[in-house]
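Colleague: no sequence on this one, just coordinates:
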């Protein structure tokens with residue numbers, strides 16, 4: 001692609017399709033008049049319009065843990081999942097990623113950069129948003145307050161659902177923003193008021209308290225960060241119509257795939 005955004009490479013067939021590319025090759029004079037960036041944005045919007053499942057945006061992360069990867073694997077215990085392979089920071093890359101997601105999936109998991117989260121959420125038209133646990137130096141420096149004041153959650157689809165970590169600085173600001181938007185809210189973390197709660201962590205054993213399950217669940221996890229990421233994923237599972245009690249027996253299998261897994265995961269394992 002040229003500096004002006006016009007197609008001048010044969011690789012355009014990746015976005016335009018082989019039939020359209022053949023038409024361009026038959027009339028090379030047309031080639032420089034195609035604006036690839038606008039074409040990809042349009043194709044991404046069309047792919048999102050056709051998709052009848054749930055789009056789940058993931059913003060934020062824990063050091064060394066891809067919450068989006070873990071979430072996709074938890075959802076895949078009950079449904080088919082399309083997972084974008086990148087963390088998107090711009091409209092063009094997000095549109096390109098959405099064109100490659102399976103239209104037949106039940107869920108799309110889309111990981112979004114913290115640089116332009118509101119614009120990307122609006123473009124993805126996410127119905128569910130997971131705000132992953134924030135590590136220092138992000139917590140405590142006004143970032144969460146800034147996000148709330150910029151009305152990040154207004155980018156959510158109407159009647160959407162937000163999953164927030166109850167432990168982070170600035171939680172009240174985000175919870176108020178969600179309420180003002182009319183969004184449903186679930187929380188997770190070690191805070192006593194969290195809906196999905198980490199009751200205790202002793203070495204590699206975490207004790208979890210989950211809604212709808214009478215007894216606490218003890219499970220082996222690689223560490224506390226993974227336990228919190230799991231709680232967030234289970235909250236999203238419930239918000240997306242899944243059943244948390246029916247997956248608890250399969251949680252150990254998630255760790256064998258997810259621990260240390262790189263960002264290249266593109267679909268259900």
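Modeller: Sure thing, it's come through. What you see is a predicted model, and the numbers here were worked out from it, not measured in a lab.

Colleague: List the contacts of residue 246.
Modeller: Residues counted as contacts of residue 246 (CB atoms under 8 Å, 6 or more residues apart in numbering) are residue 78. Every residue, glycine included, has its C-beta placed from N, CA and C.

Colleague: A strand includes it, no?
Modeller: No. If the criterion is DSSP: H, G, I helix; E, B strand; the rest coil, then residue 246 is helix and not within a strand.

Colleague: Any figure for the gap between residue 173 and residue 152?
Modeller: From residue 173 over to residue 152 the distance is 10 Å, taken as CB to CB, to the nearest Å.

Colleague: Please say which of those two ends up with more neighbours.
Modeller: For residue 173 versus residue 152, the count of surrounding residues by other CB atoms under 10 Å is larger for residue 152: 24 against 15.

Colleague: Next, count neighbours for the nearest residue to the more buried one once chain neighbours are set aside.
Modeller: With sequence-adjacent residues excluded and distances taken as CB to CB, 6 or more residues apart in numbering, residue 152 is closest to residue 118, at 4.9 Å. Residue 118 has 17 neighbours, counted by other CB under 10 Å.

Colleague: so how far is stretch 188-202 off the chain centroid?
Modeller: 22 Å (CA atoms, centre = their mean, to the nearest Å).

Colleague: Touching it from outside, list them.
Modeller: 133, 163-168, 186-187, 206-211, 216, 224, 227-228, 231-232, 234-235.

Colleague: can you do 6 Å?
Modeller: 165-167, 186-187, 207, 209-211, 216, 224, 227, 231-232, 234-235 (CB atoms under 6 Å, 6 or more residues apart in numbering).

Colleague: Determine which two of those are furthest apart.
Modeller: The span of the contacts of stretch 188-202, defined through CB to CB, is set by 211 and 224 at 20.8 Å.

Colleague: OK, contacts around residue 224?
Modeller: Residue 224 neighbours (CB under 6 Å, 6+ apart): residue 201.

Colleague: and the gap between it and residue 90?
Modeller: Taken as CB to CB, the span from residue 224 to residue 90 is 33 Å.

Colleague: now swap in residue 242 and tell me
Modeller: Residue 242 is 31 Å from residue 90, by CB to CB.

Colleague: Show me which of those two is the more surrounded one.
Modeller: Per other CB under 10 Å, whichever of residue 242 and residue 90 has more neighbours is residue 242, with 19 against 14.

Colleague: any low-confidence regions in the stretch 51-200 of the chain?
Modeller: By pLDDT under 70, the low-scoring segments of the stretch 51-200 of the chain are 61-65, 133-151.

Colleague: Try it again at 90.
Modeller: 59-70, 83-90, 100, 111-119, 131-159, 165, 167-181, 200 (pLDDT under 90).
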